[in-house]
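> Model the structure of this input:
(chains A, B, C and D)
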4 protein chains.
Amino acid sequence: MNKAEKHGRKPSTAKLLIACPDRSGIIAAVAGFIAEHAGNIVEADQHSDPQENAFFMRVEIQREGFGLSPDTFVALWRPLAERFHMRWRMDWGDRLKRMAVMVSKESHCLSDLLWRWNTSELCVELPVVVSNHPDLKELVVRSGVAFHCHPVSAGRKEEEEKPILKLLADNKIDFIVLARYMQLLSPSFVAAYKDRIINIHHSFLPAFAGAKSYHQAFDRGVKIIGATSHYVTDSLDDGPIIAQGTLPVDHRDAVDDLIRKGRDLERVVLATAVHQHVADKILISGRKTIVFD
Amino acid sequence: MNKAEKHGRKPSTAKLLIACPDRSGIIAAVAGFIAEHAGNIVEADQHSDPQENAFFMRVEIQREGFGLSPDTFVALWRPLAERFHMRWRMDWGDRLKRMAVMVSKESHCLSDLLWRWNTSELCVELPVVVSNHPDLKELVVRSGVAFHCHPVSAGRKEEEEKPILKLLADNKIDFIVLARYMQLLSPSFVAAYKDRIINIHHSFLPAFAGAKSYHQAFDRGVKIIGATSHYVTDSLDDGPIIAQGTLPVDHRDAVDDLIRKGRDLERVVLATAVHQHVADKILISGRKTIVFD
Amino acid sequence: MNKAEKHGRKPSTAKLLIACPDRSGIIAAVAGFIAEHAGNIVEADQHSDPQENAFFMRVEIQREGFGLSPDTFVALWRPLAERFHMRWRMDWGDRLKRMAVMVSKESHCLSDLLWRWNTSELCVELPVVVSNHPDLKELVVRSGVAFHCHPVSAGRKEEEEKPILKLLADNKIDFIVLARYMQLLSPSFVAAYKDRIINIHHSFLPAFAGAKSYHQAFDRGVKIIGATSHYVTDSLDDGPIIAQGTLPVDHRDAVDDLIRKGRDLERVVLATAVHQHVADKILISGRKTIVFD
Amino acid sequence: MNKAEKHGRKPSTAKLLIACPDRSGIIAAVAGFIAEHAGNIVEADQHSDPQENAFFMRVEIQREGFGLSPDTFVALWRPLAERFHMRWRMDWGDRLKRMAVMVSKESHCLSDLLWRWNTSELCVELPVVVSNHPDLKELVVRSGVAFHCHPVSAGRKEEEEKPILKLLADNKIDFIVLARYMQLLSPSFVAAYKDRIINIHHSFLPAFAGAKSYHQAFDRGVKIIGATSHYVTDSLDDGPIIAQGTLPVDHRDAVDDLIRKGRDLERVVLATAVHQHVADKILISGRKTIVFD
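Below you'll find the predicted structure:
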């Protein structure tokens, strides 16, 4: 019995995500296909990007009554998908996504994710937390999650990431959350989980990318601080932005106050992004996201 | 040449709004109908309310290429609409909506609407402003809009509203904006423009309904003030809410500060609601709105 | 060694809070007194309420170098305080405040407070958590805090509160945080901790006081939800407001979504209020607070 | 009779602003001096910057009853100021500040400032608006303000600014508001009005400095846009920040939507900064501001 069943929240919908060149008739074709197979659409969102001539769609279909199984679906759906040159994926909602969290020393985002997971607000499997420091072991272990410590040194990153990648593979991890993991991942690591690594950056990107964002913000004398959650790419703090949040500050706030206030922002912004990823609400379009919220 | 043409923003889409009991196949039927007649959907939004078993949909269709004229549309569409027991309306985007504004003495919301209208941010015809006081005449007249002053006394409301209703009818007014009009409208007035009168209330409703909201807020010692835009019904400040906004305040703020800060909130919240109404983005469901924003 | 010392954050300032009738010369007298005794003022805030002819002041004095001990201070300060008819208190910062938390079944606020306390963001002693349900025992105990379960029934409240009051007294509790404690406290309980019980209410008060606030908000169709932290008085949800927060919602949000989103709001608003109380930043003036933030 | 008198809001307080090295006894000395001369302090704010060992103070003194005239004040105050190595200025509130506005083609900030000035929310004299384009002439003139058009070309800036500087001098301008003036000012112009030129930039600085900020924001795919008001220095968009604001956006927002939504943000953020400048609430500390709000 998995966590979702335990809490009576078994996902009961399949989610179909589509990206294709824009033209007329796509919605009719997709909705018609689903109706033809007795599917009830409980949510549908679409977006046209005229600049890129691109069309994006997300459809949530009630599993109950839907006349197609995962196997029969592909065979019947493929011709339609090809006709419209679609990239698409279907999440049948049969199983929970498997999340890994990577952390360093700061506990606020991890602690928040653990609480959301423990209370089943966040419906995922969480088999493992990876860190380059031992500090947060107790916090993780007492929630019944495995904790693996893998120190990483700058020069030998790819070599040292290997056991981490093996651990993630062994645990059949679907996506990774960097909950204030203070190490850059190597390009091959990023490529292995392309569009599936979510980071939280402690600034309103693109302002104050890189390290010590709150110190940068303090030195600049901003009146608002921010946090940004984004997918990780090879460019530092430059991946597609999923969610952002801001908070007013003033001259009375020292760097430590920015750090303290920022923690509340970071964990909410990160949790928002993780929720949206888990619910298959995000499509990536080049350097941007479409979040069907 | 109307204002929209002058600014090269002739509306080029038709907007179809639908409310009906929820069942499967609606999206397929609607999108299929439009595709069948060579219509290109540029925006589509839908919402299911499981509690009320109600379904709501808004479709924006490119006029160019759409194979149906307003006349032929009705004949062909009606059978489909009846099959799903739809309440629906279609705005063909042929002409601008005609807006009237009613005010009393305070200029901030009126001045803001005039500016948005003058710069064509707000694409409507604005033939007339009605007030129960002469104070704002100059502001209105110098924008080239007719100003009518109709004092109203509490006891003889229905009688005194008659010339106003005639004026609105003569000007073929589609909807009315109460931009801090400090008079209650009679039930028959409200009925004449049902779901087409937008009010701005200077509080975060349902808190501080009625008069002197900022004084009430000050006396209660709230740390946040608000503004609410809603459709007018016979119940005071109780109609379906369209938009709300809030702003932090503190103990240093006297009533006058709340009033001053609140003005900035009121005009933005009201403008948001008016924009959404003009773009046919609002459906009313009982005491609530669905805003497809 | 207490928690603050462990984390190297021993409070090093004394905080003097003053309320008195407004007249000229108060700041000069207070600042002069402190300067005379070699005190360095690191923060000073004041507020005049012309309506009530009241003056409020908060002064934070560096302990190092200040020439008065707690004993000598009173003798020398009293004449000045009497001259200006001051109500005043001085927190010498020698010891951490002692906080008790009362909860029912929901963990989000408690879990958040425990995390802030564990990481010493919140510099208090936390000897005990009291609940009318056993559900959250494990969460509390594994943080090393005592958990006491005291079921309370409506009819015999005063009787059943007695062991709770004894427990609080035994633990020398300075102030109480109701972290979603779903019981009304009796007037005698409230009187015993007058101005020292902080509650979090899950609405933007005064809207939606009482039970099931999110259901009320959902039924009204608001576009923004809120949370309010306030001192508890005998009037339900009517005590002086300390902090409020708001969050946008829309028609897609079911009651469960309001509850989920509201949790993030509640814990941040409550934590803000608790921080301000702990730092002696709040003065109560009738039905309002002055928060020198 | 000036505008403030006309509206019965004659400034009745003097504002004293002080910056000096931090040490103990400053508040006592300042408050003591004022009390000694029968001054009633209606507002006092101070800030210590431990990093810079700097102290900042703003005191608002009731004119009525204050025993010193502008002339006698200087003689008596100077020794105290010298003892603490103060930079200071005193605004006696005898006359309204004289503001000039510089614009290009966009009307939203100008229109907003004119409305605030017309309704005396903004208590300043506004003798002149300067533009490098003729477009906004009518808007300005019909408010009874002089409009001067001075086209500026990139190569000959200093030369072409001369008549503008003369115009400002002739009008005894105290401070300048750049209400979307799309030209850089020369260093000598900036030097002539050091710390007295307020700009509004249409982004959340330091992100998206320079031109076409909304296009930059759109291309980056941010989920929040911002606006920043700051004092102008020789470094582009890098002067001390006075006020900032943010607004959520999403993938549905085209560049034009960002521009439209941003306008509402810009005018409120700019108006906030102008209000604070007019009320002498801003002290500049290096690259930052201290805003005693």
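> Following the chain past the worst-scoring helix or strand of chain A on mean pLDDT, name the next helix or strand.
In chain A, the helix or strand scored least confidently by mean pLDDT, DSSP states H and E is helix A:3-6, which has a mean of 40. The helix or strand immediately downstream of helix A:3-6 is strand A:13-21, counting by DSSP states H and E.
> Wasn't residue A:158 part of a strand?
No. Counting by DSSP: H, G, I helix; E, B strand; the rest coil, residue A:158 is not found in a strand; it is helix.
> Excluding chain neighbours, give the residue nearest to the residue of the stretch 151-293 of chain A found nearest chain B in space.
At 7.9 Å from chain B, residue A:248 is the closest residue in the stretch 151-293 of chain A, using CB to the nearest CB. All C-beta spots, glycine's among them, are computed from the backbone N, C-alpha and C. Counting by CB to CB, 6 or more residues apart in numbering or on different chains, the nearest residue to residue A:248 once its immediate chain neighbours are dropped is residue A:224, at 5.5 Å.
> Starting from residue A:252, give me the distance back to the one you found.
14 Å (CB to CB, to the nearest Å).
> again with residue A:77
59 Å.
> Those two: which has the busier surroundings?
Higher neighbour count among residue A:77 and residue A:252: residue A:77, with 19 against 12, using other CB atoms under 10 Å in any protein chain shown.
> hang on, the earlier thing: roughly how far apart are the residue nearest to residue A:248 and residue A:258?
11 Å.
> List the residues that are in contact with both of these two.
residue A:249 (CB atoms under 8 Å, 6 or more residues apart in numbering or on different chains).
> for the residue of the stretch 151-293 of chain A closest to chain B, what are its contacts?
A:223, A:224, B:248.
> and of those, the nearest to residue B:165?
residue B:248 (41.3 Å; CB to CB).
> what number of residues lie near residue A:82?
9.
> Could you check how far it is from residue B:228?
Separation of residue A:82 from residue B:228 (CB to CB): 50 Å.
> Same check on residue A:72?
For residue A:72 relative to residue B:228 (CB to CB), the value is 51 Å.
> Neighbour count for those two, which is higher?
Comparing residue A:72 with residue B:228 by other CB under 10 Å, the one with more neighbours is residue B:228, at 32 against 11.
> Helix, strand, or coil at that one?
Residue B:228 is classified as strand under three-state DSSP.
> so what's it bridging to?
Residue B:228 has these beta-bridge partners by DSSP bridges: residue B:201, residue B:244.
> Now do the same contact list for residue A:188.
Contacts of residue A:188 (CB under 8 Å, 6+ apart): A:158, A:161.
> host element of it?
Assigned by DSSP H and E, residue A:188 falls within helix A:187-192.
> Please apply the same query to residue A:73.
helix A:70-83.
> Report the angle between that helix and strand A:13-21.
Helix A:70-83 and strand A:13-21 are oriented at 20 degrees to each other (axes from the mean of the first three to the mean of the last three CA atoms, to 10 degrees).
> May I see the buried residues of helix A:70-83?
A:73, A:77, A:81 (16 or more other CB atoms under 10 Å in any protein chain shown).
> Nearest to residue A:163 among these?
Distances from residue A:163 to those, taken as CB to CB, are shortest for residue A:73 (37.5 Å).
> Look up how far chain C lies from that closest one.
27 Å (CB to the nearest CB, to the nearest Å).
> wait, what's in contact with that residue?
residue A:90.
> likewise residue A:127?
A:98, A:100, A:145, A:146, A:171, A:173.
> From those residues, list just the buried residues.
For the contacts of residue A:127, a burial check counting by 16+ other CB under 10 Å picks out A:98, A:100, A:145, A:171, A:173.
> So which of those is the closest to chain D?
Closest to chain D, out of all of the buried ones among the contacts of residue A:127 and judged by CB to the nearest CB, is residue A:100, at 24.9 Å.
> which bits of chain A sit near chain D?
For chain A, the residues in contact with chain D (CB under 8 Å from any CB of the partner chain) are A:47, A:204-208, A:219-224, A:226, A:240-246, A:250-252, A:285, A:287-291, A:293.
> Write the PyMOL selection for whichever of the residues you listed are buried.
To isolate the buried members of the residues of chain A next to chain D in PyMOL, using 16+ other CB under 10 Å:
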select buried, chain A and resi 47+204+205+206+207+208+220+221+222+223+224+226+240+241+242+243+244+245+246+250+251+285+288+289+290+291
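> Which ones among the residues of chain A next to chain D map onto strands?
Among these, the members falling in strands (DSSP state E) are A:47, A:224, A:226, A:241-246, A:285, A:288-291.
> Looking at those residues, point me to the pair that's furthest apart.
A:47 and A:224 (28.3 Å).
> Any residues of the stretch 101-250 of chain A in contact with chain C? List them.
A:107, A:108, A:111, A:115, A:119, A:121, A:142.
> so what's residue A:260 up against?
Taking CB under 8 Å, 6+ apart, one finds residue C:121 in contact with residue A:260.
> hang on, I meant residue A:58
Contacts of residue A:58 (CB under 8 Å, 6+ apart): A:15, A:16, A:17, A:18, A:43, A:44, A:45, A:46, A:280, A:281, A:283, A:292.
> Pick the one among those residues closest to residue C:271.
Out of the contacts of residue A:58, the member with the shortest distance to residue C:271 (by CB to CB) is residue A:281, at 28.5 Å.
> Would you check that the closest one makes contact with residue A:291?
Yes. Counting by CB atoms under 8 Å, residue A:291 is a contact partner of residue A:281 at 5.8 Å.
> Bridge partners for the residue nearest to residue A:43 when sequence neighbours are not counted, pull those for me.
Using CB to CB, 6+ apart and skipping residues adjacent in sequence, the residue nearest residue A:43 is residue A:60, 4.0 Å away. Per DSSP bridges, the residues bridged to residue A:60 are residue A:15, residue A:43.
> What pLDDT does the model give residue A:60?
With respect to pLDDT, residue A:60 scores 95.
> try residue A:51
86.
> residue contacts, it?
Residue A:51 touches nothing, counting by CB under 8 Å, 6+ apart.
> Checking my notes, it in a strand, right?
No. Counting by three-state DSSP, residue A:51 falls outside a strand, being coil.
> and it, how far is that from residue D:251?
Taking CB to CB, one finds residue A:51 at 12 Å from residue D:251.
> try residue A:63
28 Å.
> Dump the contacts of residue A:127 into JSON lines; add pLDDT, distance to residue C:213 and secondary structure as well.
Shown next, in JSON lines, are the contacts of residue A:127 (pLDDT from 0 to 100; distance: CB to CB, whole Å; DSSP: H, G, I helix; E, B strand; the rest coil):
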{"residue": "A:98", "pLDDT": "98", "distance to residue C:213": "36", "secondary structure": "strand"}
{"residue": "A:100", "pLDDT": "98", "distance to residue C:213": "37", "secondary structure": "strand"}
{"residue": "A:145", "pLDDT": "98", "distance to residue C:213": "34", "secondary structure": "coil"}
{"residue": "A:146", "pLDDT": "98", "distance to residue C:213": "39", "secondary structure": "strand"}
{"residue": "A:171", "pLDDT": "98", "distance to residue C:213": "41", "secondary structure": "coil"}
{"residue": "A:173", "pLDDT": "98", "distance to residue C:213": "39", "secondary structure": "coil"}
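> what's the closest of these to residue B:192?
Using CB to CB, residue A:98 comes nearest to residue B:192 of those, at 59.7 Å.
> residues touching that closest one, list them.
Contacts of residue A:98 (CB under 8 Å, 6+ apart): A:124, A:125, A:126, A:127, A:171, A:172, A:173, A:174, A:175.
> Format those as TSV; extra columns: secondary structure.
TSV is the format used below for the contacts of residue A:98 (three-state DSSP):
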residue	secondary structure
A:124	coil
A:125	strand
A:126	strand
A:127	strand
A:171	coil
A:172	coil
A:173	coil
A:174	coil
A:175	strand
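> Nearest to residue C:26, out of the residues you listed: which one, please.
residue A:126 (57.4 Å).
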